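Student: Provided below are the primary sequence and the corresponding predicted coordinates.
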Amino acid sequence: MSVLRKRDKKVAEAPDRESRLVWRIAALLIDYPGEAMTRLLPELRAAAGSLPAPAGPALVSFVDHAASSAGSALAQHYVETFDLRKRNCLHLSYYAYGDTRKRGMALLRFKHAYRAAGVELGEHELPDHLAVVLEFAATADPIAGRRLLVEHRPVLEMIRLSLADGGSPYLAVLDAVCATLPEISAADLRKIATLAAEGPPEEDVGLEPFAMDPALHAEAGGRR
């Protein structure tokens, strides 16, 4: 059996409970830090504390940072980190396609995966946001969700490296997620180098037909 076939087989395996718990916690932590997330921090810390290294301690470290952040400091850091810096964009198809028509087709792949699992999403956000994908992988279809994460492993690594360069505490959340996925392959490394060198293409088009809003997070008013 070739290395590629071995890797494909591993991707198709059902993720274990620990990976799914990492994704569920990370989905909440990588979303905009509103009041609902703040209230959950004690429970998230307890759950993260039950996970083995390296993912568990990484998530605990971020929860502790979030709990110690004064007032709106964490929310301000979130906006500065993810909303104002393209290199940290949490929409997984953005790196490869930017705001182009090709990205619209890429978004349909996420949408089809959700629908195949019986998940109906709403109107206000794009389905490739990392928090949405992680929640889907953790709670709806672990195999399809893990496949989406593995396919976008180079993008996750790009975000992780950018957060490391900026010294962001959110690095710990990306570290935890990446710890649940296969090691970076040679092909992934080449793709990372290409993405880093070229950046996302530019061609503004309307992506509204592909927007969606998970009902579970209606309180948040859409991912940022």
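Tutor: Received the coordinates, thanks.
Student: which residue is nearest the centroid of the protein?
Tutor: Central residue of the chain (C-alpha atoms, centre = their mean): residue 130, 2.5 Å from the mean position.
Student: and that residue, what does it touch?
Tutor: For residue 130, the contact set (C-beta atoms under 8 Å, 6 or more residues apart in numbering) comprises 27, 30, 90, 91, 92, 156, 159, 177. Every C-beta, even on glycine, is put in place using the N, C-alpha and C of the backbone.
Student: if I look at it, how far off is residue 85?
Tutor: Using C-beta to C-beta, to the nearest Å, we find residue 130 at a distance of 15 Å from residue 85.
Student: Residue 19 now?
Tutor: From residue 19 to residue 85 the distance is 28 Å (C-beta to C-beta).
Student: what number of residues lie near residue 132?
Tutor: Using other C-beta atoms under 10 Å, residue 132 is surrounded by 28 other residues.
Student: Verify the stated contact: it with residue 124.
Tutor: No - Residue 132 is beyond contact range of residue 124, at 11.5 Å (criterion: C-beta atoms under 8 Å).
Student: quick one, which of residue 19 and residue 85 is more surrounded?
Tutor: Set side by side, residue 19 and residue 85 show more neighbours around residue 19, with 22 against 14, by other C-beta under 10 Å.
Student: Show me what secondary structure element comes after the helix or strand encompassing the more buried one.
Tutor: Per DSSP states H and E: residue 19 is located in helix 17-29. Using DSSP H and E, the helix or strand that follows helix 17-29 towards the C-terminus is helix 35-49.
Student: can you give me how far that following helix is from the chain middle?
Tutor: Helix 35-49 sits 18 Å away from the centroid of its parent chain (C-alpha atoms, centre = their mean, to the nearest Å).
Student: Next, the angle helix 17-29 makes with the helix or strand following it.
Tutor: Sequence-wise, the next helix or strand downstream of helix 35-49 (DSSP H and E) is helix 55-68. Per axes from the mean of the first three to the mean of the last three C-alpha atoms, to 10 degrees, the angle that helix 55-68 makes with helix 17-29 is 20 degrees.
Student: Quick one: the helices in this structure, in order.
Tutor: Per DSSP state H, the chain carries helices over the ranges 3-12, 17-29, 35-49, 55-68, 73-78, 94-97, 101-116, 130-139, 142-151, 153-166, 171-179, 186-198.
Student: quick one: contacts of the second one?
Tutor: Counting by C-beta under 8 Å, 6+ apart, helix 17-29 makes contact with 37, 40, 44, 47-48, 50-52, 55-56, 59, 62-63, 66, 130-132, 134-135, 137-139, 142, 145-146, 173, 176-177, 179-180, all of which sit outside it.
Student: so where's this structure uncertain?
Tutor: 1-14, 199-224 (pLDDT under 70).
Student: same thing but 50
Tutor: By pLDDT under 50, the low-scoring segments of the chain are 1-11, 204-221.
Student: distance of the closest residue to residue 136 other than its chain neighbours from residue 129?
Tutor: Nearest residue to residue 136, sequence neighbours excluded (C-beta to C-beta, 6 or more residues apart in numbering): residue 145, at 4.7 Å. Using C-beta to C-beta, residue 145 is found at 13 Å from residue 129.
Student: Please apply the same query to residue 71.
Tutor: 25 Å.
Student: and the end-to-end length of stretch 133-153?
Tutor: Start-to-end span of stretch 133-153 (C-alpha to C-alpha, to the nearest Å) is 13 Å.
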